[in-house]
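In: for reference, the sequence and a predicted model appear below.
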Amino acid sequence: MTLAALRADALACHAAALAAVEPGRLLRARLQRSRDALALVDDAGTRAEHRGPVLIVGAGKAGLAMARAAADVAGPACAGGVVVVPHGGEGPCAGGIDVVGGGHPLPDADGARATERLLAAVARADATTLVLVVLSGGASALLVAPADGVTLADKAAVSRALLARGADIRAFNTVRKHCSRVKGGGLAHTAARAAALWALVLSDVVGDDLATIASGPTVADPTTYADAARVIAEHLAAEDVPAAVREHVARGAAGLVPETLKPGDATLARAVTVLVGGNRDARAAAASAAAARGYVVEHVDVPVAGGEPTVRVVAGGRGGRAQQLALAAAEVLAGADAALLAAGTDGVDGPTDAAGACVDGETVARASRCGLSVARALAATDSHPVLAATNDLVCTGPTGTNVADVVVALRGAC
């Protein structure tokens, strides 16, 4: 089998993965309309029903597609709403829903203003109104409502520092939840006067932990201020932490600030959060596509993997986590009859124009012919220029979904 054929098959697997996690289709499998009632179907097949107005709010990279599908299903019951998406992802939506832009991966003032509008709308929801929440990857940055005494600049500073130090998503979100009025169950708490809260979640987190996805705005938070203080101490130097954040977390750890929403809270009795899809769906579709093309798929996690690698970034490097992973794999694959694709399902890998890259057994040789060193690029986290020169970049543009990254590894017959 030629390397060109291997690469074409890897790209076909990636396309199948994206098709499997189209947000509208996944949402409609859970949210249905029957005559005068809106119904939510959970994993066990249990139906919750609502008759009356429906306020649709949410955030994430798949926010627009999810909001459009939710508005379509809700029909005339839709009573407007606010959904926050990354800048550039805005678009028209039926039902009077405003889709507005905010900063990602770092929060900005636009996201903060949009979140205040969203929270105000949810707080006004009365006992006849269902609050329907759509959430997907990216919502942690887009839903931004700093805790009292903490500014947006403070949150941005600690977020930048944690990103630079390679904190994983759970550690990162533990701090964010305890510096926020919307994360860690804060949105569910705000909806206390509504008839009910239903949340539909598209997961970008391996393991699909609902308390981690979007920093868990509609579910109980198992972490504490003491946990947040521990993350800060383990990852950051004192000068990296704004004084307001340090003081707020310390007050919380001392019991002087109310904790995030905890299991057993009465607020949760009217809140239902349902996972509509995630990385496992993308992996399964990619594996099926590989099998259909004649590959032996011994285990879904062997030729197809998912998640997001953690990369410690060197200042000045250009690239993203998927590109770094692909370029590192190129060294291992050098001379082999094999190809590897690593790409974000959202179409964005770091601050670049690429979703990721598809490398093969000749990538290192192509780089050498261009006068480029793969080893030096990896050390400098400067993968993008090399992969551009070797014609290995995968560029899809924003896809409107987000279930983390997919990695497809294929090799010719042994």
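Out: Yep, that arrived. Numbering: from 1, shown residues only.
In: next secondary structure after the lengthiest strand in the chain?
Out: Determined from DSSP state E, the single longest strand within the chain is strand 78-86. Downstream of strand 78-86, the next assigned helix or strand under DSSP states H and E is strand 97-102.
In: if I take that next one and strand 78-86, what angle do their directions form?
Out: When axes from the mean of the first three to the mean of the last three CA atoms, to 10 degrees is applied, the directions of strand 97-102 and strand 78-86 differ by 20 degrees.
In: contacting residues around the helix or strand following strand 97-102?
Out: Read in the C-terminal direction, the helix or strand following strand 97-102 is helix 109-124, with elements assigned using DSSP H and E. Around helix 109-124, the neighbours that count as contacts under CB atoms under 8 Å, 6 or more residues apart in numbering are 55, 57, 59, 80-82, 84, 87, 98, 100-104, 131, 141-146, 152, 181-182, 187, 190-191, 193-194. Heads up, the C-betas are built off the backbone N, CA and C, glycines and all.
In: among those, name the buried ones.
Out: Of all the contacts of helix 109-124 considered here, the ones buried according to neighbour count by 16 or more other CB atoms under 10 Å are 55, 57, 59, 80-82, 84, 98, 100-104, 131, 141-146, 152, 181-182, 187, 190-191, 194.
In: and the helices in the stretch 201-350 of the chain?
Out: Counting by DSSP state H, counting those that start in this stretch, residue ranges of the helices within the stretch 201-350 of the chain are 225-235, 243-253, 279-292, 321-333.
In: and residue 174, what does it touch?
Out: By CB under 8 Å, 6+ apart, the contact set of residue 174 is 223, 227, 228, 231.
In: can you list the domain ranges for this structure.
Out: In the domain annotation for the chain, the residue ranges read 3-12+282-411, 22-145+180-223+260-277 (automatic domain parsing).
In: closest one to residue 164 among those?
Out: domain 3-12+282-411 (6.5 Å; CB to CB).
In: how far away is residue 3 from residue 361?
Out: As defined by CB to CB, to the nearest Å, residue 3 lies at a distance of 6 Å from residue 361.
In: residue 54 too?
Out: 53 Å.
In: so between those two, which is more surrounded?
Out: Residue environment comparison for residue 54 versus residue 361 gives the larger neighbour count to residue 54, 26 against 20, counting by other CB atoms under 10 Å.
In: mind checking the SS state of the residue most central in space within the chain?
Out: The C-alpha lying nearest the average C-alpha coordinate of the chain belongs to residue 137 (CA atoms, centre = their mean; 1.9 Å). Classification of residue 137 using DSSP: H, G, I helix; E, B strand; the rest coil returns coil.
In: check which residues of the longest helix along the chain are buried.
Out: If you go by DSSP state H, the chain has its longest helix at helix 3-20. Residues 3, 6-7, 9-14, 16-18, 20 are the ones in helix 3-20 that count as buried (16+ other CB under 10 Å).
In: helices or strands up against it?
Out: With contacts defined as 3 or more CB pairs under 8 Å, 6 or more residues apart in numbering; DSSP states H and E, helix 3-20 has these neighbours: helix 279-292, strand 338-344, strand 356-360, strand 405-411.
In: kindly recompute the last result at 10 Å.
Out: Using 3 or more CB pairs under 10 Å, 6 or more residues apart in numbering; DSSP states H and E as the contact definition, the elements that helix 3-20 packs against are helix 279-292, strand 304-307, strand 338-344, strand 356-360, strand 393-394, strand 405-411.
In: closest one to residue 256 among the ones you listed?
Out: Closest of these to residue 256 is strand 304-307, at 37.2 Å (criterion: CB to CB).
In: average pLDDT for the closest one?
Out: Along strand 304-307, the predicted local confidence has a mean pLDDT of 84.
In: all set now, cheers.
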